[in-house]
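Novice: Whatever this is, show me its structure:
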Amino acid sequence: MNRYQVPATTCTYLYLEVLAESEEEAFAIAEETDGGQFIEEDGYGSGDWEVGTPVLKEKDTKEE
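Specialist: Model (predicted):
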């Protein structure tokens, strides 16, 4: 059999509470904040999985 690597990603819903004068400032603060400071959204946890395109890593060279 051939060996494939199949990538996958998942989404975790997070939020960050910031003090800001405007939506633009809040967005800028969030962009500059370390990801570890974000809080996982209660009740959501991880979202859907998305499976990517398989990549052939090793072709089976046995003759059938």
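
Novice: lowest average confidence, helix or strand, in the protein?
Specialist: Sorting the helices and strands of the chain by mean pLDDT, DSSP states H and E puts strand 46-51 at the bottom, at a mean of 78.

Novice: Extract the C-alpha set from the very next helix or strand once past it and format it as CSV.
Specialist: Following strand 46-51 in sequence order, the next helix or strand is strand 55-58 (DSSP states H and E). Output of strand 55-58 as CSV, limited to C-alpha atoms (Å, rounded to 0.1, in the frame of the first residue of the first chain):
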residue,chain,number,x,y,z
VAL,A,55,0.0,13.9,-0.1
LEU,A,56,1.8,10.8,-1.3
LYS,A,57,4.8,10.2,0.9
GLU,A,58,5.9,6.7,-0.2
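
Novice: Check which residues of strand 55-58 are buried.
Specialist: By 16 or more other C-beta atoms under 10 Å, strand 55-58 has no buried positions at all. No exception for glycine: its C-beta is placed from N, CA and C like everyone else's.

Novice: who touches that strand?
Specialist: Strand 55-58 has contacts (C-beta atoms under 8 Å, 6 or more residues apart in numbering) with 2, 3, 4, 5, 6, 7.

Novice: And that strand, how far out from the chain middle?
Specialist: Remark: strand 55-58 is offset 23 Å from the chain centroid, using C-alpha atoms, centre = their mean, to the nearest Å.

Novice: Then stretch 31-39?
Specialist: 14 Å.

Novice: repeat for stretch 7-15
Specialist: 4 Å.

Novice: Quick one: mean pLDDT over that stretch.
Specialist: In this model, stretch 7-15 has a mean pLDDT of 88.

Novice: Same check on stretch 28-36?
Specialist: The average pLDDT within stretch 28-36 is 96.

Novice: measure it end to end?
Specialist: End-to-end distance of stretch 28-36 (C-alpha to C-alpha, to the nearest Å): 16 Å.

Novice: Contacts for it, please.
Specialist: Here stretch 28-36 has contacts from 16, 18, 20, using C-beta under 8 Å, 6+ apart.

Novice: biggest separation within the contacts of strand 55-58, which pair?
Specialist: 2 and 7 (16.4 Å; C-beta to C-beta).
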